[in-house]
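K.L.:
Below are the sequence and a predicted model; questions follow.
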Amino acid sequence: MASAIEVEARLTLTWPGGHEIQLAAAGSYLILNVPSQQVLDLITSGPPQPPGTPKPPKKPGPDPLEQLHHLARRLGLVLDLRVGGKTYVTFGLPDRSGPKITLNAVLGKIGSFFK
């Protein structure tokens, strides 16, 4: 098992629609910045469904956020997911059993229902 990975990187991805997603890393700390809640919803919604097609049911099994948290811990990394420059979720913190979800994430998700 790896004790820690050291990373130095800066990457900008352009998502369809011209949205820039930024990834920066220094040492064992990674920051992924998404420009808005709408872009985060677009990224995490999965592949587009044809009109009139029902949404497939959620597959049983472990929560993907928990899996990401445990993977980050095993690799010795901390991943800070930010939306609009504000921290939403932090994965891989060694003193937590699960990801740390902030109030910004809760309010952002609630607000996205009204747009």
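P.N.:
Yep, that arrived. This structure is a prediction, so every number in the text was calculated from the model and none was measured.
K.L.:
mind checking pLDDT for S36?
P.N.:
Turning to S36, the model gives it a pLDDT of 91.
K.L.:
in terms of contact, does it touch R82 like I think?
P.N.:
No. Contact between S36 and R82 fails when scored by Cβ atoms under 8 Å: they sit 11.1 Å apart. From N, CA and C alone the C-beta is placed, and that goes for glycine too.
K.L.:
Spit out the contact partners of the residue sitting nearest the centre point of the chain.
P.N.:
The centre of the chain sits closest to L81, judged by Cα atoms, centre = their mean, with a distance of 5.0 Å. The neighbours of L81, taking Cβ atoms under 8 Å, 6 or more residues apart in numbering as the test, are 32, 34, 87-91.
K.L.:
Save the residues you listed as JSON lines, and put in secondary structure, neighbour count and distance to K59 too.
P.N.:
Conversion of the contacts of L81 to JSON lines gives the following (DSSP: H, G, I helix; E, B strand; the rest coil; neighbours: other Cβ atoms under 10 Å; distance: Cβ to Cβ, whole Å):
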{"residue": "L32", "secondary structure": "strand", "neighbour count": "20", "distance to K59": "24"}
{"residue": "V34", "secondary structure": "strand", "neighbour count": "23", "distance to K59": "24"}
{"residue": "T87", "secondary structure": "strand", "neighbour count": "16", "distance to K59": "28"}
{"residue": "Y88", "secondary structure": "strand", "neighbour count": "24", "distance to K59": "24"}
{"residue": "V89", "secondary structure": "strand", "neighbour count": "19", "distance to K59": "21"}
{"residue": "T90", "secondary structure": "strand", "neighbour count": "20", "distance to K59": "25"}
{"residue": "F91", "secondary structure": "strand", "neighbour count": "24", "distance to K59": "21"}
